[in-house]
Structure formats: C-alpha cells, structure tokens
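# Would you be able to build a 3D model of this:
(2 chains)
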Number of protein chains: 2
Amino acid sequence: MDEVKIIEIKKSVFADNEKDADALRAELKKKKVFLLNLMSAPGSGKTTTLIQLINRIKGRLRLAVMEADIDGDVDAHKIREATGVPSIQLHTGGMCHLDAEMTRQGLDNLDLDNLDLVILENVGNLVCPAEFDTGSCANAMILSVPEGDDKPLKYPLMFTVCDVVLINKIDVLPYFDFNMEKCKRYIQLRNPEAQIFPLSAKTGKGVEEFAEWLLDQISEC
Amino acid sequence: MDEVKIIEIKKSVFADNEKDADALRAELKKKKVFLLNLMSAPGSGKTTTLIQLINRIKGRLRLAVMEADIDGDVDAHKIREATGVPSIQLHTGGMCHLDAEMTRQGLDNLDLDNLDLVILENVGNLVCPAEFDTGSCANAMILSVPEGDDKPLKYPLMFTVCDVVLINKIDVLPYFDFNMEKCKRYIQLRNPEAQIFPLSAKTGKGVEEFAEWLLDQISEC
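Numbering: from 1, shown residues only, chains lettered A, B, ... in the order given. I've put the predicted structure just below:
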C-alpha cells in the first residue's frame, strides 16, 4: 500500500477564525462536501469508531479522512488499511487544535470535486479544539465510559459545541462506575439539542444508529 | 465542612515563563516546599489516585492540594472529604493549562510556611500543560489502561517532561487490548529516565511504590 501523505500544518495567520470558518463552510456547501469534525480526549476510540462507521457507509457515498495529530501517522495508516478510503495525516507541529485555516490546508490535499464527506479527526483534547470553529458542517465528540460520567461538568464548552455525542466503550460498562442516565442528563444540561448515541466501537453495537443519523444530516445539508 | 475556596486564575502577563518558573522553583526550595505537578488526559483518574496517595503519606508530612479545572469544584471537595487535607480549586477561565505565574496565584492562597508538599492537579489535557513549566519540583503524569498503549507515540512532549509515569486502571487490564511491555518501551523511547509505576487507584494496588518514590524525592530535594 502507498505511503500515507503527511501534511505539516502551518500556524494560521487569520485573526478572525469565525469569519474564516463561515467562508469555508459556504465553499464546502457549494461543492456539496459535508465536513464532520470529530473530537474527543486522547484514547476515547476516535479511530476505531471511524473504522466501524466508514465500513457501514462507504458504499453509499464517497468519503475521505484527515487525521490530525501532533506526531506520528499510525491513525491514517490504520484507517486506510481497515477501510480502503483515502486518508491523509495532518501534523499540527505541537498545536493542540485545528482552526478553519488549518483545516483548509488539509482539504487542499483532497480531491473535493469527487467527495461527499470528509471526516476530520481532530487532536485528542477536550479543551482547545472546542474553542475553534473548523468550518465543519457538524461537530461530533466521543466520551468513553472509562473517562467517567462527570466529564460534561468539567469540559462544558466541548459538550456545548457538539451536535452529537457518542458514548463509546459500552462493552466495559460492567467494570466501571459509570451511570449512563446521569451522563445523559449532564450532557443535556450543557446542550439540550445534542444527539446522544451509546455504542461500542469494539463490538460495533450502536454504530448503525450513528451512521443513519449522519447519513440523514448529509442528505439534508 | 467549609466551602471549598475557589480561585479565579488570571491570564499570565509574564512573557518569559521559563525564567518565572525557575524563580518560583527557587522560592519554593527556600521555603522547603515540594511542588508536584500532576497531569493526564481527562478521566485518567488523577483525583482518585491522589486520594490513595494522600491517605498513605499524610501522616508523614504536611500537604495541600490545588485542583485546576475549567469549571466546577467537584474535585477539590472530593479530595477534602476523602483525605481531610486542605484543598483549593483553581478556575482557569477556559485556559487549557497553568504556567508558573498562574500556579503562583494558587500558591498565594496556601500557608506555605506550614507545608512540605503541594500537589497541583493540572487541567486534564495531554498537549498544552506539557508546554508550560509550572515551577514544580517534579512532573508526574497518569496514562490509564483504557487510553491505549500507543499514547507515548502520539503525545511525545508530555512523556518527555515527566519524571514519573503512573499507568493507572491496571484492574481492567483483562478487558482492554493494552500491552504493558510495549507501553513501557514507548515511554522509555520518549524518556529513558522516567520512573514507571503501574497501579490501580481503584484497588490501591501499586500506589505504595509510587508513594515511597515521592517521599524519597521530597527528602532528597
């Protein structure tokens, strides 16, 4: 298999990220490309969830993945090997998030005229990525069971900016002191509109419901 | 029990954090106060680990805890209720890390003349806190088993700046695809000097070894 393309992202020079994000969103709409921004803490299972998702939807639309990391290219390789879809690696050079201009640097390396969906796997971090609009059409986040049901109280902005919250690793629920109903209440406290899908990226349970929701979003966009 | 004191941390105005951190470290040395900076991703078990640690060492020295969070005061309450040691909450106002000046704002609210050890529980984040020297005498981090054994490859700086890495949640090792030897190799790749202690903050297993290491560090400082 070919080498994964690695893009070294440069620090953004735009002062007004919101304006830039809106412009990028408009461009993508015109091209009919749906950009999904996926965020989470380190180790929540973003890549494994993506593999499960992509293998359910890749026959129904044309998609590509951008993996943002401080270092390494393990995830871009994993995605490509497990799904066969185009996947590029973005190196943030130590930066803890991507803004719209940085996202655009990644998109410039994809063939947008022949894509319906681009998924951006953001840097593993519950703080900084929540503060920067990437120009995405939807924001998704993963909270995994081992992290605890109290995270919406401690990282409020992340839960506020997300359209959908995936509660991953439900296969290990018996081994953790995690109260699902309490967690859902905390999420709704931050964001009453948020869609919530409990799932296990390991077993695949619950992924179908998220996939259907995403396909609906894309068709309505 | 009294209300927990909440300090609203202000953004630092010092341009040279390294110089400021060295100055703070020198002041603390003069006062014979050991500052431990504890970092990790969200949900790795910092607070639970601290409770286990503190209950093993509180009879042997005088200590206090500073809990840094974007919002909430759950952790400072938890520490105080479970250990009885003084605990204050630092609110970072959305900021993803603490630098030396921000740490000093917290320390100003403690009675340093009557303390041997201050533990700073930094914001849950594997990226930004690694970039800012807090003026601590030692840096510790927690990597928990559910996060995966590949994290030293993806968050290199965090592992490089830490004197000790605690591998938490070993009680759930049977349920995760986590290779302890591989993880230790990856940590040593980033930082050959790092002390590594596998432990379970839930059961207490392995905490004693970390406690003894810390007491040694304090006595040698």
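# and chain A, which residues reach chain B?
Within chain A, the positions near chain B by CB under 8 Å from any CB of the partner chain are A:41-43, A:69-72, A:74, A:94, A:96, A:123-128, A:131, A:144, A:146-148, A:150-151, A:153-157, A:169, A:171-172, A:175-176. Placement of C-beta: from N, CA and C, glycine included.
# Can you flag which of those residues belong to strands?
A:69, A:144 (DSSP state E).
# Narrow the residues of chain A next to chain B to those that are buried.
A:41-43, A:69-70, A:72, A:74, A:96, A:123-128, A:144, A:146-148, A:150-151, A:153-157, A:169, A:171-172, A:175-176 (16 or more other CB atoms under 10 Å in any protein chain shown).
# hang on, A:Lys30 in a helix?
Yes: counting by DSSP: H, G, I helix; E, B strand; the rest coil, A:Lys30 is located in a helix.
# Give me the distance between it and A:Val118.
As judged by CB to CB, to the nearest Å, A:Lys30 and A:Val118 stand 14 Å apart.
# Have a look at the two and say which one is more surrounded.
A:Val118 (24 against 8; other CB atoms under 10 Å in any protein chain shown).
# for that one, what are its contacts?
Residues in contact with A:Val118 (CB atoms under 8 Å, 6 or more residues apart in numbering or on different chains) are A:33-36, A:63-66, A:107, A:110, A:112.
# out of those, which are buried?
The neighbour count (16+ other CB under 10 Å) marks A:33-36, A:63-66, A:107, A:110, A:112 as buried among those.
# Chain A: strands as residue ranges?
A:6-8, A:34-40, A:63-69, A:87-91, A:117-121, A:138-144, A:164-168, A:195-198.
# Mean pLDDT lowest where, among these?
Here the strands of chain A differ in mean pLDDT, and the lowest is strand A:6-8 at a mean of 82.
# residue ranges with poor pLDDT in chain A?
A:1-2, A:13-14 (pLDDT under 70).
# residue nearest the centroid of it?
A:Leu38 (1.0 Å; CA atoms, centre = their mean).
# Just list the residues touching that one, thanks.
A:46, A:49-50, A:119-122, A:140-142.
# now with 7 Å?
Residues counted as contacts of A:Leu38 (CB atoms under 7 Å, 6 or more residues apart in numbering or on different chains) are A:46, A:50, A:119-122, A:140.
# what do you get for A:Asn114?
Counting by CB under 7 Å, 6+ apart, A:Asn114 touches A:Arg62.
# That one and A:Leu63, how far apart?
From A:Asn114 to A:Leu63 the distance is 10 Å (CB to CB).
# on that earlier part again, go through the buried ones among the contacts of A:Val118 and name the one nearest B:Arg185.
Minimum distance to B:Arg185 across these is 28.1 Å, recorded for A:Val65 (CB to CB).
# neighbours around the residue nearest to the closest one when sequence neighbours are not counted, how many?
With sequence-adjacent residues excluded and distances taken as CB to CB, 6 or more residues apart in numbering or on different chains, A:Val65 is closest to A:Ser87, at 4.3 Å. Residues contacting A:Ser87 under the criterion other CB under 10 Å number 27.
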